[in-house]
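>>> 3D model of this:
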Amino acid sequence: MKKITLLLLLSITFNNYAQDVSIKKSEIFKDSKKNSSLVYSLEDENGGLVTIRAFYGGMLQKLKGYYIQHFDSNLKLLKEVEYEVDKNELKNAFIKDNKLHLIEYNIDKKADKITFNAVSAYLKDLKFSYKEILSLSEDEQQKYFGVLLFPFLINNFSQYDNNNAGEVVMSSNNSYFVINFDIKNKDKETHKIFVFNNNFEKVYEQLIEKNIKDKYFDYQSIDIDDNNGTVYFLGKSFENESRKSKKKGEANYHFELYKVNTNGQTKTSFKNADKFISSLELITSDNRVACVGFYGKKDENKINGVSLFNLNPETLKIETEKFTPFSEQFLSDKYGNKGGKKKRKKEKGIKNIDFKDVNLMDNGDIVLNAEEFYITTRTSTSAKGIVSTRTVYHFDDIISLRLNTDGDLKWARNINKRQVGFSNSSYTSITVGEDSYFFINCSDNIKKLSADRIAFKQTKAKKSNLYVIKINQEGNFDFKKLIDDKESKVYYKVNNGNVNLDNQTVILIGKRKKKSRVLKLKI
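Reported below is the predicted structural model:
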């Protein structure tokens, strides 16, 4: 009876903003490997769906290959293949002219080179053909990077930055893609980019070098224009040969934005001495380049609001610089009133914010989503004196904000939740029209907090319900259960969802041991 009363109270507290979400499920199928995760989901011109899932095996759960499955518009399985790997890895994928195209990275030990291949197949048979589109021999590696990539790929992973194996980023409509190499060079920060069109023809290549030691430069993000293949490259450059975020009370770093195309490259830099920004994310469209992120007043380890920089796409001149503190509504969501005000005053900001995604709306507004993420370790000693340490991964509150074109805050909301582990934690989000949607796993036991707030609670993976939370254009939110655990033989991995903005769909994989199911949610 208490549970029913609680839900009735919640329905009164929050207006019914939850819009229906259509649901399609595939049949449950069995994988040969227990551990798999969704890497890509692509929708064909007939409403069908291609999913590509990485599967892992062995003691260290090493990548063993990919399940590639083609479904029709009703998620009936049409064709599937297993794509095995050895020294190769998929870096991106797209569909064009009823063909599935994979961009594959490969280490060729016999030829002492690294290659990128276009791997293509008609959807009807999934029989792949291979075409080499980029190759780097020993001489070319020395020329471009000053070091050899190949030996380090096998023996010394410490030589690499995050994108050592070549990050591949597609343009918004898959007209172009960029391969971005980031190699550690002790004397210079070095990136090499190669731009191709979707016929796998190289359009241009450019070397981005900065006369600064690699350890004093943090790569932020990269984006590519769908109209002409122009690349925008964003990095964070530390000053005074120190990675300290602050020197003499001021920010000890600045951000650098590069614009790269067939004509060469231009660069601009910007900072604010009194505001501390941990990272920024690029946003580009036909007539706009912007950088958005969170900032702190005193230290980048504490977050107090959101920052936005609008830059002229042609000249890279800053046209808008705006720092907007979190709203009273947001802080009340998170801390509540009365006693909560003392806590937020004491903490002087929020820690452990993990940026998740950014969405550019049709009217130029920006929706920024994040999550409280942190890691703790717990050490215990048994009666026999055996010491053991357990590492716990925490996925807590959802943070969502909407800014107008000039960086003014339209609304900011904090959705309370507490989750640990990877199996049924975190969320997948999508923005459609004026509304933002968040798909989460949680218990039916939704907790009511002070100041008309609620908190979503975790449960065991096999007892997870799938919920959707919606925030509308005024910043009001509601929630709705989509799938009850009692009606499902699998739980849905919301931390591994894929979003298709053009078709307004979210693809999730249902898992339980070797049982799998594809779920398609359409707003």
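>>> which SS class is K342?
For K342, the assignment made with DSSP: H, G, I helix; E, B strand; the rest coil gives helix.
>>> in terms of pLDDT, where does it sit?
Per-residue confidence at K342 stands at 72 (pLDDT).
>>> what about it, how many residues nearby?
If you count neighbours by other C-beta atoms under 10 Å, K342 ends up with 10. Placement of C-beta: from N, CA and C, glycine included.
>>> quick check: it vs R378, distance?
K342 sits 28 Å away from R378, going by C-beta to C-beta, to the nearest Å.
>>> looking at this, N495 is in a helix?
Yes: looking at N495 with three-state DSSP, it is inside a helix.
>>> so where's the stretch 251-400 of the chain shaky on pLDDT?
The model of the stretch 251-400 of the chain has pLDDT under 70 over residues 338-341.
>>> strands along that one, start to end?
253-261, 264-270, 276-277, 281-285, 288-296, 305-311, 318-325, 353-360, 366-381, 387-403 (DSSP state E, counting those that start in this stretch).
>>> looking at these, which is closest to K460?
K460 sits nearest to strand 387-403 of all the strands of the stretch 251-400 of the chain, at 15.5 Å, using C-beta to C-beta.
>>> report the buried residues of the closest one.
By neighbour count on 16 or more other C-beta atoms under 10 Å, the buried set for strand 387-403 is H394, F395, D396, D397, I398, I399, S400, L401, R402, L403.
>>> partner strands of that strand, with direction?
Take DSSP bridges as the rule and strand 387-403 pairs in its sheet with strand 366-381 (antiparallel), strand 409-420 (antiparallel).
>>> so for D44, which of these sits nearest?
Closest to D44 of those is strand 366-381 (C-beta to C-beta; 27.9 Å).
>>> chain center to the closest one: distance?
Centroid separation for strand 366-381 versus its chain: 15 Å, with C-alpha atoms, centre = their mean, to the nearest Å.
>>> got the buried residues for that strand?
Buried residues in strand 366-381, defined by neighbour count with 16+ other C-beta under 10 Å: I366, V367, L368, N369, A370, E371, E372, F373.
>>> how much space separates the closest residue to the second one other than its chain neighbours from L368?
Nearest residue to V367, sequence neighbours excluded (C-beta to C-beta, 6 or more residues apart in numbering): N359, at 4.4 Å. According to C-beta to C-beta, N359 stands 8 Å off from L368.
>>> what of I224?
21 Å.
>>> surely Y40 touches L100?
No: at 9.7 Å, Y40 does not count as touching L100 under the criterion of C-beta atoms under 8 Å.
>>> mind checking which of these two has more residues around it?
Legend: neighbour count by other C-beta under 10 Å for Y40 and L100, higher for L100 (22 against 19).
>>> who touches that one in this structure?
L42, V50, I68, H70, A93, S120, A121, Y122, L123, L126 (C-beta atoms under 8 Å, 6 or more residues apart in numbering).
>>> hmm, try it at 10 Å
40, 42, 44, 50, 52, 68, 70, 93-94, 119-123, 126, 128 (C-beta atoms under 10 Å, 6 or more residues apart in numbering).
>>> mind checking the SS state of it?
Following three-state DSSP, we place L100 in the strand state.
>>> now the residue nearest in space to the middle of the chain. Nearest residue, chain neighbours left out?
The chain has K356 as the residue nearest its centroid, 5.2 Å off, counting by C-alpha atoms, centre = their mean. Of all residues not flanking K356 in the chain, N369 sits nearest, at 4.7 Å (C-beta to C-beta, 6+ apart).
>>> any idea how far the residue lying farthest from the centre of the chain lies from Q473?
Computed with C-alpha atoms, centre = their mean, the residue of the chain farthest from its C-alpha average is K384, at 43.9 Å. According to C-beta to C-beta, K384 and Q473 sit 60 Å apart.
>>> again with P313
Counting by C-beta to C-beta, the gap from P313 to Q473 is 27 Å.
>>> about what we covered before: which of the contacts of L100 sits closest to P325?
Comparing those against P325 with C-beta to C-beta places Y40 closest, at 38.1 Å.
>>> surely that closest one is within a strand?
Yes: Y40: assigned to a strand according to three-state DSSP.
>>> low-confidence stretches in the chain?
For the chain, the stretches with pLDDT under 70 are 1-19, 141-165, 184, 338-341, 451-452.
>>> all helices for it, in order.
Assigned by DSSP state H, the chain shows helices spanning 2-13, 138-145, 149-155, 328-335, 339-347.
>>> isn't the residue nearest to the centre of the chain right up against T428?
Yes: counting by C-beta atoms under 10 Å, K356 touches T428, with 9.2 Å between them.
>>> find the residues that touch each one of those two.
Joint contacts of K356 and T428 (C-beta under 10 Å, 6+ apart) are F438.
>>> just to revisit the earlier point, distance to E487 for the strands paired with strand 387-403 - can I get that in a markdown table?
Below are the strands paired with strand 387-403 laid out as a markdown table (distance: least, C-beta to C-beta, whole Å):
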| stretch | distance to E487 |
| --- | --- |
| strand 366-381 | 28 |
| strand 409-420 | 22 |
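>>> about what we covered before: distance to K462 added to the buried residues of strand 387-403, as CSV?
Listed next are the buried residues of strand 387-403 as CSV, based on distance: C-beta to C-beta, whole Å:
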residue, distance to K462
H394, 21
F395, 18
D396, 22
D397, 25
I398, 23
I399, 28
S400, 29
L401, 34
R402, 36
L403, 39
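>>> and of these, the nearest to S32?
Using C-beta to C-beta, F395 comes nearest to S32 of the buried residues of strand 387-403, at 29.3 Å.
>>> look up the residues forming beta bridges with that closest one.
Here F395 sits in beta bridges with F373, Q419, as judged by DSSP bridges.
>>> how about it, what does it touch?
Here F395 is in contact with 354, 371-374, 417-422, 424-427, 440, 458, 495 (C-beta under 10 Å, 6+ apart).
>>> just the buried residues of those residues.
Buried members of the contacts of F395, counted by 16+ other C-beta under 10 Å: 371-373, 417-419, 424-427, 440, 458, 495.
>>> quick check, nearest of the residues you listed to G57?
So of the buried ones among the contacts of F395, ranked by how close each gets to G57 (C-beta to C-beta), first place is N495, at 20.8 Å.
>>> leaving aside the residues adjacent along the chain, what's closest to that closest one?
Distances taken as C-beta to C-beta, 6+ apart place S426 nearest to N495, at 3.8 Å, with adjacent residues excluded.
>>> who touches that neighbour in this structure?
Residues in contact with S426 (C-beta under 10 Å, 6+ apart) are 354, 356, 371, 373, 393, 395-396, 398, 417, 419, 440-441, 493-497.
>>> one more time with 7 Å, if that's ok
Applying C-beta atoms under 7 Å, 6 or more residues apart in numbering to S426 gives the contacts E371, F395, V494, N495.
>>> what about the contacts of L100, which are in strands?
Here DSSP state E is the test, and these give Y40, L42, V50, I52, I68, H70, A93, F94, V119, S120, A121, Y122 as lying in strands.
>>> I figured the second one hits A93, correct?
Yes: with contact defined as C-beta atoms under 7 Å, L42 counts as touching A93 (6.3 Å).
>>> give me the common contacts of these two.
Residues touching both L42 and A93 (C-beta under 7 Å, 6+ apart): none.
>>> what sits against the residue lying closest to I446 once chain neighbours are set aside?
Nearest residue to I446, sequence neighbours excluded (C-beta to C-beta, 6+ apart): I454, at 5.6 Å. I454 sits next to L10, N416, I446, K447, K448 when contact means C-beta under 7 Å, 6+ apart.
>>> between which two of the residues you listed is the distance greatest?
L10 and N416 (13.1 Å).
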